[in-house]
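Enquirer: Next one to model:
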Amino acid sequence: MSVFFSTPVKPGLGERLGSLSRIVELGPGRLDAKLLAEAGQLLLRAGDRLKLSSDHTVVALAGGTGSGKSSLFNAVSGLELSPTGVRRPTTARTHACVWGLEGAGPLLDWLQVQWRHRFARASALDKGESQLHGLILLDLPDHDSIRALTDSEADRLIGLADLVVWVLDPQKYADASTHRQYVTELAGHDAVTVFALNQTDRLTPEELAELIIDLNDLLRREGVQSPTVVATSAVSGRGIDSLKGVISEAVSKRRAAIQRLEADVDRIDRRLAQSMPVGASLAAPTSVDAARRVGLTDALCDAAGVPAVGEAMENTYVERSDSWIGWPFARWAARLRPDPLKHLRLGDLREEIRGLTDGAVSAQPAEVDNAVQALSDGLTIGMHETWRGAVQHAARSRTGQLPKALSEELSEVTPRLDRVPAWWRVLKVWQYLLVLAFVASVVWAGTALVYGVFSVGRPPSGLSLFGDASTLPWVALMMAAVLGLGALSGVAARNFVSLGAARERDGIEREMRRRVGAIAESMVVEPVERELARHHDFFVALKGLSG
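Expert: Down below sits the predicted model:
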């Protein structure tokens, strides 16, 4: 909401209205809706008033039925403009008397004063009253009449006038409804509020003095620190010049409109300060620091089981490699040993380990929720309860989607553990070639024993070499070499797989952390930082409003 100025204003008022505009922009959902609406109305009123004539001061005569308000209006204007007495016991519509009509039209239109109730002081009648030039004097409808129950014109103009003169009846000057509904709301508006104790011709000097003292005490108790009280009588003319003097001073300074807006801003400021004191709120963080970002990422990684997935991937990958690159004789011998898992009845665990091969990762919603809650709790220490709830709501705004997002994102990174690298297949072929070589060596050694050592017979033609007992040392050496080479290649391959699995685990965990951090940034940190920035801007504006 923007406010435009066409007239010089008190230094600081423009900035304060700008701060109030920012508060209205940032306040929905954080401030009381009624207070927020009043602040918005004040901004509209200020914008409208400051665009209109700065050479005119709007002074409203307000009062209840029988206070003599219209008679006082006629006495100040010097003309019979507003009907009084038997002809019109109450003022039904606002009457306006203008000293210096030029430029006043748009202002009167804004005030919604009907054309037939607008009057201008002719220059011939203004002799000796040049100090009132620029005055727009309003005689408002009676605020306590039956008509006022359905017509809020008096209340509306009391809110729009630059200066309000409350005309009080000596018999009803302490009327509770008037003071409760209007006077207490004007606390802080001393500079733009005047109290005219009217019809004093009915009082003795002693009674008048006592009433003035009592009225001043009553007004001070209600928050009017420096009340301006003028005793008047439209009948005797008493106090009319004094009232004119108070009004002319306001008119000549051309400051009443600004003072009224300042008082209205002060009133809103006090209510805002009571509703949401600045306190230590400006010391609250405006962003999520690096340490908390890392902490959130760590917690979400734990919730998604990133370390466990990395470790399981590494271990499972290494174990699975044995069926491809392990020395077959060692693997066959291991099968003859009893399996301790069978006695522990860990069939379900086997299934879980087997499930790792499908590359799926799942995040635990409860742990995700705890991680987000811990972040918001750490950031909102010392915040006003309303803003603490807003930050927590922002942090949790997408927690319902977060576990699924983490699971889907990390599942894309997790490699399938049932994959078989090409070099495993090559090594397996090599291992079985060695097995075949060993078997061939055994056959050779057996043949040499049968034919060469035990002389069972003569080997077939062309195979005499295999029946030669002198080859047995060489065959034994070849068998030992094959077994050693096979075992060595199996151990070397396993070490190579372990190193590769460890490197791959580190790389995958880094990538998982990066993706978890990116998800945390977009789904948690960014909403939280927007709310933190809103919180900071709100309290900066609130401080700027207070000056």
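
Enquirer: Flag every buried residue along stretch 65-75.
Expert: 65, 67-75 (16 or more other C-beta atoms under 10 Å). Every C-beta, even on glycine, is put in place using the N, C-alpha and C of the backbone.

Enquirer: Please work out which residues outside stretch 205-223 touch it.
Expert: 168, 170, 173-174, 179, 183-184, 187-188, 195, 197, 200, 203, 227, 229, 231 (C-beta atoms under 8 Å, 6 or more residues apart in numbering).

Enquirer: who touches Arg118 in this structure?
Expert: Taking C-beta under 8 Å, 6+ apart as the test, what Arg118 contacts is 96, 98, 108.

Enquirer: Just put those in CSV and tack on pLDDT, secondary structure and distance to Val482.
Expert: Shown next, in CSV, are those (pLDDT from 0 to 100; DSSP: H, G, I helix; E, B strand; the rest coil; distance: C-beta to C-beta, whole Å):
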residue, pLDDT, secondary structure, distance to Val482
Ala96, 93, strand, 119
Val98, 93, strand, 120
Leu108, 94, helix, 115
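
Enquirer: which intervals of the protein have sub-threshold pLDDT?
Expert: 1-11, 81-92, 122-129, 144-151, 173-181, 334-363, 415-418, 450-469, 547 (pLDDT under 70).

Enquirer: Show me the strands in it, by range?
Expert: 57-63, 95-98, 118-120, 135-139, 163-168, 193-197, 229-231 (DSSP state E).

Enquirer: quick one on the thing from earlier: so which pair among the contacts of stretch 205-223 is furthest apart in space?
Expert: Across those, the longest distance by C-beta to C-beta is 30.1 Å; it joins Gly188 and Leu203.

Enquirer: Which strands and helices lie in contact with whichever helix in the chain runs longest?
Expert: Counting by DSSP state H, the longest helix found in the chain is helix 472-520. Helix 472-520 sits against helix 290-304, helix 306-325, helix 328-336, helix 402-413, helix 422-447, with contacts defined as 3 or more C-beta pairs under 8 Å, 6 or more residues apart in numbering; DSSP states H and E.

Enquirer: Direction-wise, compare that helix with helix 422-447 and give the angle.
Expert: Angle, helix 472-520 to helix 422-447, by axes from the mean of the first three to the mean of the last three C-alpha atoms, to 10 degrees: 160 degrees.

Enquirer: report the angle between the axes of helix 472-520 and helix 306-325?
Expert: Using the same axes, to 10 degrees: helix 472-520 against helix 306-325 is 160 degrees.

Enquirer: Out of the contacts of Arg118, which is nearest to Gly517?
Expert: Leu108 (63.7 Å).

Enquirer: number of nearby residues for the closest one?
Expert: Per other C-beta atoms under 10 Å, the neighbour tally for Leu108 reads 23.

Enquirer: wait, Tyr317 sits on Val497?
Expert: Yes. Counting by C-beta atoms under 8 Å, Tyr317 touches Val497, with 7.2 Å between them.

Enquirer: And the two? Which one has more around it.
Expert: Val497 (24 against 21).

Enquirer: Asp369 versus the more buried one, what's the distance?
Expert: To Asp369, Val497 is 39 Å away according to C-beta to C-beta, to the nearest Å.

Enquirer: Who's the closest spatial neighbour of Trp285, skipping the chain neighbours?
Expert: Check again: residue 285 is Pro, not Trp. Nearest residue to Pro285 in three dimensions, chain neighbours excluded: Leu379, at 5.7 Å (C-beta to C-beta, 6 or more residues apart in numbering).

Enquirer: number of nearby residues for that neighbour?
Expert: 23.

Enquirer: Glu529 is in contact with that one, correct?
Expert: No. In this structure, Leu379 is not within contact of Glu529 by C-beta under 8 Å, at 9.5 Å.

Enquirer: Between those two, which contacts overlap?
Expert: Val288.

Enquirer: List the buried residues in stretch 195-205.
Expert: Buried, per 16+ other C-beta under 10 Å, within stretch 195-205: 195-200, 203.

Enquirer: between the residues you listed, which is closest to Gly486?
Expert: Once C-beta to C-beta is applied, the member of these that ends up nearest Gly486 is Phe195, at 111.7 Å.

Enquirer: before we move on, back to that, with distance to Arg513 added, can I get the buried residues of stretch 65-75 in a markdown table?
Expert: Compiled in a markdown table, the buried residues of stretch 65-75 are given as follows (distance: C-beta to C-beta, whole Å):
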| residue | distance to Arg513 |
| --- | --- |
| Thr65 | 77 |
| Ser67 | 77 |
| Gly68 | 82 |
| Lys69 | 77 |
| Ser70 | 80 |
| Ser71 | 84 |
| Leu72 | 80 |
| Phe73 | 79 |
| Asn74 | 84 |
| Ala75 | 84 |
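
Enquirer: what's near enough to touch Glu531?
Expert: Glu531 touches 387, 390-391, 393-394, counting by C-beta under 8 Å, 6+ apart.

Enquirer: Please name the nearest non-neighbouring residue to it.
Expert: Ala394 (4.0 Å).

Enquirer: Kindly report the same for Met523.
Expert: Here the residue nearest Met523, using C-beta to C-beta, 6+ apart, is Arg398, at 4.4 Å.

Enquirer: Share the number of residues neighbouring the closest residue to Ala374 other than its chain neighbours, please.
Expert: Leaving out its chain neighbours, the residue that sits closest to Ala374 by C-beta to C-beta, 6+ apart is Ala299, at 6.8 Å. Ala299 is flanked by 19 other residues according to other C-beta under 10 Å.

Enquirer: Could you take the helices and strands packed on helix 472-520 and lay them out as CSV, with extra columns for distance to Ser19?
Expert: Shown next, in CSV, are those (distance: least, C-beta to C-beta, whole Å):
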stretch, distance to Ser19
helix 290-304, 30
helix 306-325, 46
helix 328-336, 78
helix 402-413, 37
helix 422-447, 69
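
Enquirer: and of those helices, who's closest to Gln114?
Expert: That would be helix 402-413 among the helices and strands packed on helix 472-520, by C-beta to C-beta, at 62.4 Å.

Enquirer: okay, the angle between the closest one and helix 290-304?
Expert: 80 degrees.

Enquirer: rewinding a little: for Val525, see how far away the residue nearest to Pro285 is.
Expert: Distance from Leu379 to Val525, by C-beta to C-beta: 10 Å.

Enquirer: Spell out which residues are contacts of both of the two.
Expert: Common neighbours of Leu379 and Val525 (C-beta under 8 Å, 6+ apart) are Val288.

Enquirer: follow-up on the earlier one: what sits against the residue nearest to Pro285?
Expert: Neighbours of Leu379 in contact, by C-beta under 8 Å, 6+ apart: 284-285, 288, 292, 391, 528, 532.

Enquirer: Keep only those of the residues you listed that are in helices.
Expert: 292, 391, 528, 532.

Enquirer: My read is that the first one contacts Gly378, right?
Expert: What that stands for is Arg292. Yes. The criterion here is C-beta under 8 Å, and Arg292 meets it with Gly378 at 6.2 Å.

Enquirer: who wins for proximity to Ser275 among the helices and strands packed on helix 472-520?
Expert: helix 290-304 (29.4 Å).

Enquirer: The closest one - contacts with which helices or strands?
Expert: helix 365-379, helix 402-413, helix 472-520.
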